[in-house]
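Participant: Predicted coordinates and the sequence they were generated for:
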Amino acid sequence: MTVRRVHLPAERIAAGRAALTDEARHYLRDVLRLLPGDAVEVFDGAGAAYDATVGDRFEALVLGARREAAAVAARVSLLFALSKGEKMDLVVQKATELGASAVAPFAAERSVVRLDAEKGAERADRWRRIAAEAARQCGRHDVPEVRPPAPLAAALAALPPGAVKYVFHPGGAPLAVDSPEPEAAAYVAVVGPEGGLTEAEVQACERAGARRAALGPRVLRAETAAIVAVTLLQARFGDLA
C-alpha cells in the first residue's frame, strides 16, 4: 500500500500531536481526500518520522512512536552555479532524491541569471518547497538545507569544516567509484554554469581545498553535470555505495 506522507516542521510537533498548516490540511483533506482517523506518516524534515492519524477537525494529527532516520554514511553537499528557473528547480529536486544534505546556489561569472538579495530569498523559499516535496515523495525523513544564492567565496566559506571538496571541471582526474580516496564525514561537489567555471573560479575552489575532478568525456548540460556529480559522490562515499 502506498504510504501517504506529509511534512510538518519540528516546531509544530509537541505532546503527541502535529498541528497542521493550511497547506498540509489542503493536501490531506482536499487532494488525498482523507477522513478523520485515516493513517498517514509525518516527517519533520530533521530526521524523524511518525505514524499518525488524522484528527477529528483536521486541525492536527495524532502521533504514534517517533522513528529516527538511519545514519548516513557521509553528508554530500552540492554547490551549483545559478541557472534558469526550471533548471534550478530540477537540480534541487533531483539532489534531494539522491540524498544530498545541502544545496548552495552561487553566482558564477558566466551565470546568465542574476538575483538581488530580495529575489534570491524568494527563489530560495521556492527551492525549499521543492526540496520538501521531493523529500516527501522519495521517503526521506529529512529535508536538505537549501541556501540563498551567494558569491562563490561565501558559498565555499560556509562549507562544513573538514569536508572533502571536488570541483568538477574539464582537465580534472576521473572520480571512479572504486578510486582510493580519504574517508570523511562530508563531501562537496562544485559544479559551474553553462560555459563552465572560469579558470579564476576553479583556482578559488582549489585554494579552498577542492580537487579538480572530471565527469567523463562528454560535454554535459549544467543541470546534468550537477546530478551526475551528486550521484558519483553518493555512489563512492554515501548511501548509494
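Facilitator: Received it, and whenever you're ready, just let me know what you need.
Participant: where does this structure dip in pLDDT?
Facilitator: 1-2, 176-182 (pLDDT under 70).
Participant: who's in contact with the residue in it sticking out farthest from the centre?
Facilitator: Distance from the centre of the chain peaks at residue 56, with 34.3 Å (CA atoms, centre = their mean). By CB atoms under 8 Å, 6 or more residues apart in numbering, residue 56 lies in contact with residue 36. Using the backbone N, CA and C atoms, a C-beta is placed for each residue, glycine as well.
Participant: Report the separation between it and residue 6.
Facilitator: 17 Å (CB to CB, to the nearest Å).
Participant: got it, and residue 196?
Facilitator: According to CB to CB, residue 196 and residue 6 sit 40 Å apart.
Participant: more crowded one of these two?
Facilitator: residue 6 (22 against 19; other CB atoms under 10 Å).
Participant: looking at it, that one is touching residue 28, isn't it?
Facilitator: Yes - with contact defined as CB atoms under 8 Å, residue 6 reaches residue 28; the gap is 6.2 Å.
Participant: intersection of neighbour lists for the two?
Facilitator: In contact with both residue 6 and residue 28: residue 40, using CB under 8 Å, 6+ apart.
Participant: any idea where the strands of the protein begin and end?
Facilitator: Counting by DSSP state E, the chain has strands at residues 5-7, 13-14, 17-19, 39-43, 48-54, 60-68, 75-81, 102-107, 145-146, 150-151, 164-174, 186-191, 211-214.
Participant: Now tabulate those strands in JSON lines and tack on distance to residue 117.
Facilitator: Output for those, formatted as JSON lines (distance: least, CB to CB, whole Å):
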{"stretch": "strand 5-7", "distance to residue 117": "27"}
{"stretch": "strand 13-14", "distance to residue 117": "32"}
{"stretch": "strand 17-19", "distance to residue 117": "31"}
{"stretch": "strand 39-43", "distance to residue 117": "31"}
{"stretch": "strand 48-54", "distance to residue 117": "33"}
{"stretch": "strand 60-68", "distance to residue 117": "36"}
{"stretch": "strand 75-81", "distance to residue 117": "18"}
{"stretch": "strand 102-107", "distance to residue 117": "11"}
{"stretch": "strand 145-146", "distance to residue 117": "16"}
{"stretch": "strand 150-151", "distance to residue 117": "10"}
{"stretch": "strand 164-174", "distance to residue 117": "26"}
{"stretch": "strand 186-191", "distance to residue 117": "22"}
{"stretch": "strand 211-214", "distance to residue 117": "31"}
